[in-house]
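> Give me coordinates for this.
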Amino acid sequence: LTEIGLGYLSLDRSSGTLSGGEAQRVKMVRHLGSSITDVTYVFDEPTIGLHPHDIRRMNDLLLRLRDKGNTVLVVEHKPEVVEIADHVVDLGPGAGAAGGEICFTGDVAGLRASGTLTGRHLGHRARLRDTVRTPKGQLAIEGADLHNLKNVSVDVPLGVLAVVTGVAGSGKSSLIHGYLSGRDGVVVADQSPIRGSRRSNPATYTNLLGPIRDAFAKANGVKAALFSANSEGACPKCNGLGLLYTDLAMMQGVASVCEQCEGKRFTPEVLTYHLRGKNISEVLGMSVAEAYDFFPTGKPHTILGRLSDVGLGYLRLGQPLNTLSGGERQRLKLAIHMAEKSSTYVLDEPTTGLHLADVDKLLALLDRLVDDGNSVVVIEHHQAVMAHADWIIDLGPGGGHDGGEIVFTGTPAELVTTGDTLTARHLREYVGS
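Next up is the predicted model:
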């Protein structure tokens, strides 16, 4: 447990309080201690919540699992993990409908030379800023002592991109969520599940469905309620879900496509109404990028533009929210909050689940938020985000009892040239200085 960076956990801590990355690593340790071999292990983004220092330690464990005589399959974006692979399978070429194909299989050197999106970005590095923005003020945190924080006082600068970093368990979330999140004008977009029913989807969650229903109603001279899957136009058999759920008592329930509407969710009468040649089911089946072109003006165009900006262009409008990953949920929340006139955004590991090419888009989006007069505070381990920041607050020096202190505050350039923290060492290596 200590080797994998979990030495800070207390033994009596309840499992439900562990983050996703912590829980996954506890499972890893359990299997490492087992004497079973010839097993295939599948790890899904094991680097979530891990500082570069912890990723190194996790890589050692993955290699040890392999060397014991097992097969280790890792679904991952981080180049540090891709680098240690014996064999790489690269999917693409894009996301959503533009993906779903094998673009490359082979070793890492072959991937670099392959010209695929992943291959081209494997050696990509975000550069330190030439000039950092000047803060327009600050939010003071004084005497913070939640969890492992040791009476911490720090000023979070406003009007800039501030990154809070440090090894896993150093107290980042305790500091920001405990002392910044509840304040006026502070909007938090995190990866927690989105509250909603089985019928919730990006169109309902972003209030996009309202203007779409109105557009259909206006074009066909009928009531807007017909185009709602939980109102008059819903298929009577599945109540507009498109699926029938069968409860199998002691076993897991089974969902099957509704035979009456064939998963389209609406009555045949509703599907006869068209808007520019498409019915409501076909519009909800569009990706955000397709719908953005389909609605060239008005409120739908604006909302869809924000969804594209946060890198969700491949999501289908009618895709159930419970199928979204943590990173997708966070970006969906961010797209909604961008409509509000907020002053301070708090993002918790927004790079989770992002491909290397999408990290650049995220950095451009964070820049836009700041340039529009907002303050952005990001809890993050990704070196590209650290390098791109105006200001860094580094916690440590270790995790748990060994953390809870501010070990550095300043610009990324100062951290690289004068810092002596674990973050400084890895960022120095990352920017190649």
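
> Give me the contacts around the helix or strand that contains residue 360.
With elements taken from DSSP states H and E, the one containing residue 360 is helix 356-371. Contacts to helix 356-371, defined as CB atoms under 8 Å, 6 or more residues apart in numbering, come from residues 77, 79, 117-118, 120-122, 124, 126, 133, 159-161, 309-311, 338, 345, 347, 350-351, 354, 376, 378, 382, 384-385, 388, 390. Any C-beta I mention is one placed from the backbone N, CA and C, and that applies to glycine too.

> Can I have the buried ones of these as a ChimeraX selection?
Buried members of those can be picked out in ChimeraX with the line below, counting by 16 or more other CB atoms under 10 Å:
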select :77,79,117,118,121,122,126,133,159,160,161,309,310,311,338,345,347,350,351,354,376,378,382,384,385,388,390
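
> The contacts of helix 356-371 in helices, which ones?
79, 117-118, 120-121, 309, 384-385, 388 (DSSP state H).

> how much space is there between the closest residue to residue 405 other than its chain neighbours and residue 346?
If the residues on either side of it in the chain are set aside, residue 405 comes closest to residue 150, at 5.4 Å by CB to CB, 6 or more residues apart in numbering. In this structure, residue 150 and residue 346 are separated by 22 Å, where distance is defined by CB to CB, to the nearest Å.

> where exactly do the strands run in the chain?
40-44, 71-75, 88-92, 101-106, 137-144, 152-158, 161-166, 186-189, 243-246, 254-257, 344-348, 375-379, 391-396, 405-410 (DSSP state E).

> so which of these is the most packed in?
Using mean count of other CB atoms under 10 Å, the stretch among the strands of the chain with the greatest mean number of neighbours is strand 161-166 (a mean of 28).

> For that one, name the packing helices and strands.
Strand 161-166 is packed against helix 172-179, helix 356-371, strand 375-379, helix 383-388, strand 391-396, with contacts defined by 3 or more CB pairs under 8 Å, 6 or more residues apart in numbering; DSSP states H and E.

> Format those as TSV; extra columns: distance to residue 27.
Conversion of those to TSV gives the following (distance: least, CB to CB, whole Å):
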stretch	distance to residue 27
helix 172-179	21
helix 356-371	26
strand 375-379	23
helix 383-388	26
strand 391-396	26
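
> Isn't residue 65 up against residue 33?
No. With contact defined as CB atoms under 8 Å, residue 65 and residue 33 do not form a contacting pair (10.9 Å).

> the more surrounded of these two?
Under the criterion of other CB atoms under 10 Å, the comparison of residue 65 against residue 33 puts residue 65 first, with 20 against 8.

> Distance from stretch 252-267 to the middle of the chain?
When C-alpha coordinates are averaged (CA atoms, centre = their mean, to the nearest Å), stretch 252-267 and its chain have centres 30 Å apart.

> what does stretch 82-99 give?
Taking the mean C-alpha point of stretch 82-99 and that of its whole chain, the gap between them comes to 18 Å (CA atoms, centre = their mean).

> ditto for stretch 366-383
Taking CA atoms, centre = their mean, the mean C-alpha location of stretch 366-383 is offset from the chain mean by 15 Å.

> Let's see that stretch as CSV, backbone CA atoms only.
These are the backbone C-alpha positions of stretch 366-383, laid out as CSV (Å, rounded to 0.1, in the frame of the first residue of the first chain):
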residue,chain,number,x,y,z
LEU,A,366,-9.7,27.5,-19.5
ASP,A,367,-7.9,30.4,-21.1
ARG,A,368,-11.1,31.7,-22.7
LEU,A,369,-12.9,31.5,-19.3
VAL,A,370,-10.1,33.6,-17.7
ASP,A,371,-9.9,36.1,-20.6
ASP,A,372,-13.7,36.6,-20.3
GLY,A,373,-13.0,38.0,-16.8
ASN,A,374,-13.4,34.8,-14.6
SER,A,375,-11.1,33.2,-12.1
VAL,A,376,-10.3,29.5,-12.6
VAL,A,377,-9.0,27.3,-9.9
VAL,A,378,-8.0,23.8,-11.1
ILE,A,379,-7.1,20.8,-8.8
GLU,A,380,-4.9,18.9,-11.2
HIS,A,381,-1.9,16.5,-11.6
HIS,A,382,-1.5,16.8,-15.3
GLN,A,383,1.8,18.5,-16.1
